[in-house]
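*Asks:* With the sequence up front, the predicted model follows.
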Amino acid sequence: MSKKILITGASGAFGSLTCKSLQSKGYQLVGTMRSTSGKNADISAELRAAGIQLVEMDVTDDASVNAGIAKALELLGGLDIVFNNAGIGSNGIQELFSVEDMKRVYEVNVFGVQRLMRAVLPHFRKQGKGTILHTSSCIGRVTVPFLAMYSSSKYALESMVEGYRAELSPFGIENCIIEPGGFPTTFMGAMIEPSDPERAKGYGEMVHAPTASIKAFHQYMESSPMQRPQRVADAVVDLLELPFGKKPFRTVVDFMALREPIEAYNESLDKTTRAIYQGNGIENMLSLNKA
């Protein structure tokens, strides 16, 4: 029987390509996005033409998330997998972001995930099984200048999912994290920028560095033929094709310079985590992921 999956952020490159890739494999899908009209009208029409059902869901709104999950359960007749993929980026000098700017990023990347988890977990716990994937980032493992606010939200996500991984394992619910590097998509063009121009005066010429940096990085990504968003969709498909309980906890997707060092970091952290859990007699709480 084909698996039933909900994917948030279906209007973006990772989300839409993953929807289409899984659809071709026979998965039953619901993709979500804040609105299926306006700037999303074209991708909505494309996904629907491919046979993918769409539900409007705003991950920054409790009622919208609860209604979206209820609608997905109705359309699919159940759920086996959730892919927490919706996200928003930011680029700029850290001090120049207001607290409200920071809240905008966390509302999607952190609180949005928590809203979705609270909406879907009662269903997964009741059926005694479920798979949840989360889109993080390689810069949710290491921080570079001007992207720190976005990185901090992904660090928070990584920590949250480490907790969910352990606490949900007794209920037969596995959690996995996808960590893409930078990819040439519209995501970068839609990044939040600082809203406090007065503070920018104190940084002199450095104030121009974030825009120059992201533009140069985009050109660098475009120069790598392997660094294409379809690779992330392929990695998600490969991960979901692995047997239940045998998936790696973290999967790095990058074809430039980040994959090897981030994988080494992840391997080291995994050994540390397992040693701590073993020392506390709770290593069974890590049993739903490949060691």
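*Replies:* Received, thanks.

*Asks:* From here on, just use CA atoms for contacts and neighbour counts.
*Replies:* OK.

*Asks:* Figure out how far the helix or strand bottoming out on mean pLDDT in the chain is from the centre of its chain.
*Replies:* Using mean pLDDT, DSSP states H and E, helix 197-200 stands out as the lowest-scoring helix or strand of the chain, at a mean of 86. Distance, stretch centre to chain centre, for helix 197-200: 31 Å (CA atoms, centre = their mean, to the nearest Å).

*Asks:* ditto for stretch 103-116
*Replies:* On CA atoms, centre = their mean, the centre of stretch 103-116 falls 11 Å from that of its chain.

*Asks:* And stretch 284-291, by the same measure?
*Replies:* With CA atoms, centre = their mean, you get 21 Å for stretch 284-291.

*Asks:* Need the distance between the two termini of that stretch.
*Replies:* One end of stretch 284-291 to the other measures 11 Å (CA to CA, to the nearest Å).

*Asks:* Please apply the same query to stretch 133-144.
*Replies:* Length of stretch 133-144, first residue to last, CA to CA: 25 Å.

*Asks:* how about the least confident helix or strand of the chain as CSV, C-alpha atoms only?
*Replies:* C-alpha atoms of helix 197-200 as CSV (Å, rounded to 0.1, in the frame of the first residue of the first chain):
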residue,chain,number,x,y,z
PRO,A,197,18.6,51.2,9.0
GLU,A,198,19.7,53.7,11.7
ARG,A,199,22.0,51.2,13.3
ALA,A,200,23.5,50.5,9.9
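
*Asks:* buried stuff in it?
*Replies:* Neighbour counts over helix 197-200 (16 or more other CA atoms under 10 Å) mark residue 200 as buried.

*Asks:* For it, which outside residues touch it?
*Replies:* Applying CA atoms under 8 Å, 6 or more residues apart in numbering, the contact partners of helix 197-200 are 95, 96, 207.

*Asks:* Out of these, which comes closest to residue 184?
*Replies:* Nearest to residue 184 among these: residue 207, at 23.4 Å, using CA to CA.

*Asks:* Share the number of residues neighbouring the closest one, please.
*Replies:* 17 (other CA atoms under 10 Å).

*Asks:* Tabulate the contacts of helix 197-200 (CSV), appending pLDDT, distance to residue 114 and secondary structure.
*Replies:* Converted to CSV, the contacts of helix 197-200 look like this (pLDDT from 0 to 100; distance: CA to CA, whole Å; DSSP: H, G, I helix; E, B strand; the rest coil):
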residue, pLDDT, distance to residue 114, secondary structure
95, 96, 27, helix
96, 96, 27, helix
207, 93, 34, helix
